[in-house]
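Novice: Next input, structure requested:
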Amino acid sequence: MIDEYMEYLEENKQLWDKVDEILSVRVLRHWWAGDWNVVIIREWKSLTSMETGLEQVSKLTKEKYPDKEVRQKRFNKAMSMVMSHWDDICRDVISLTK
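Specialist: From the prediction side, this is the model:
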């Protein structure tokens, strides 16, 4: 399923690249004990800019996929590929940064 999920992320990149509020994006792939883990890190200036950016990507998604059923199907398929953990906000631990 990793290839299919990476294709999904590649397709979404076209939308996310249009969101100016994102400062940077990194995608990490990790193979461990027979499972792939994918970590997506999006850096935002602030929580307010994150909210604005998420609203923008939602608008862009609706424009690209105007049919609500198509959007929901696509979302459901993507969520079925996400393992068991999802975080919206992570913060650096500056005191541990080299």
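Novice: Next up, phi/psi of the residue nearest the centre of the chain, please.
Specialist: Residue closest to the average C-alpha location in the chain (Cα atoms, centre = their mean): I40, at 5.8 Å. The phi/psi pair for I40 (degrees, to the nearest 10) reads phi -110, psi 120.
Novice: Likewise for H30?
Specialist: The phi/psi pair for H30 (degrees, to the nearest 10) is phi -140, psi 130.
Novice: For this protein, which segments are assigned as strands?
Specialist: With DSSP state E, the ranges of strands along the chain come out as 22-32, 35-44.
Novice: mind checking how far the shortest one is from the chain centre?
Specialist: What that stands for is strand 35-44. Offset of strand 35-44 from its chain centre (Cα atoms, centre = their mean, to the nearest Å): 8 Å.
Novice: now the angle between strand 22-32 and it, please.
Specialist: 170 degrees (axes from the mean of the first three to the mean of the last three Cα atoms, to 10 degrees).
Novice: looking at the strands of the chain, which is buried most?
Specialist: Per-stretch averages of neighbours, counted by mean count of other Cβ atoms under 10 Å, single out strand 35-44 among the strands of the chain, with a mean of 13. Just so you know, the C-beta spots here come from the backbone N, C-alpha and C atoms, and that holds for glycine as well.
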